[in-house]
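*Asks:* Prediction below, plus the sequence it came from.
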Amino acid sequence: MTILDLAPVVPVVVIDDVETAVPLARALVAGGLPVIEVTLRTPCALDAIGRIAAEVPDAVIGAGTVRTPADVRASTRAGARFLVSPGGTPRLIDAMLDSGVPFLPGAATASEVLALAERGLTELKFFPAGPAGGVAYLKALAGPIPEVRFCPTGGIRLETAPEYLALPNVGCVGGTWLTPADALAVGDYARIEKLASEAAALRR
Ligand SMILES: O=C(O)C(=O)C[C@H](O)[C@H](O)COP(=O)(O)O
């Protein structure tokens, strides 16, 4: 599976209440975004991944904010089908390679990209996309390192996603804008489905 090519947008989801996990995932899938990254930033994140894996078969559920080998093991045990990290250390990359599932390690500089490419990894997360230099920065990386493709995340919204998706070295983009905290708090899954369908209509 090539994560970058499954959908133009990967919703990055922070789940505070595990009861929201399944309806939220169903809304995203119904809107046309089946690839979902649940960040390990909240205590219920692993439970949320497990529930989505068990109850929303059409979702391709992954874990985000994977920072340690222990996170890797816990995520795959919970049912994550892919892993995303904000950056990479040699130990973390070793654990991700051992996990047997696809993963997007984070990188933000040419040296970080080259270090990962040296290990055979050519599909990466570009994080934090906006603060690191955005579209212009990715365009500049494509010159000397055209074989590496990215999922940029960090500061991207519906309005700015097309500029990223137009780049040859971008496969998809990620972001939290599809699941606003206020919509989740009141269970407004119709709004989440609408945000997903707007994003799913973006072209790669
Ligand atoms: O914690 C991680 O590993 C991440 O995945 C970082 C998130 O992708 C970005 O923080 C999303 O940024 P916003 O869309 O601007 O909210």
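*Replies:* Perfect, thanks for sending it.

*Asks:* Output the below-cut-off pLDDT ranges for the protein.
*Replies:* Along the chain, the parts satisfying pLDDT under 70 run over 1, 204.

*Asks:* which parts of it sit against the ligand?
*Replies:* Contact residues (C-beta under 6 Å from any ligand atom) of the chain with the ligand: 12, 39, 64-65, 84, 86, 127, 153-156, 174-177. C-beta coordinates here come from the backbone N, C-alpha and C atoms, glycine included.

*Asks:* all helices of the chain, in order?
*Replies:* Assigned helices in the chain, in chain order: 21-31, 45-55, 69-78, 90-99, 110-118, 129-132, 134-142, 161-165, 181-185, 189-200 (criterion: DSSP state H).

*Asks:* For the third one, give me every contacting residue.
*Replies:* Helix 69-78 is contacted from outside by 40, 46-47, 49-50, 53, 62-63, 65-66, 83, 91-92, 94-96, 98-101, using C-beta atoms under 8 Å, 6 or more residues apart in numbering.

*Asks:* Buried among these? Need that as a selection in PyMOL.
*Replies:* Buried subset of those, written as a PyMOL selection, criterion 16 or more other C-beta atoms under 10 Å:
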select buried, resi 40+46+49+50+53+62+63+65+66+83+92+95+96+99+101
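
*Asks:* got the helices of the chain as TSV, with distance to residue 2 columns?
*Replies:* Listed next are the helices of the chain as TSV, based on distance: least, C-beta to C-beta, whole Å:
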stretch	distance to residue 2
helix 21-31	19
helix 45-55	20
helix 69-78	18
helix 90-99	16
helix 110-118	16
helix 129-132	20
helix 134-142	18
helix 161-165	16
helix 181-185	29
helix 189-200	18
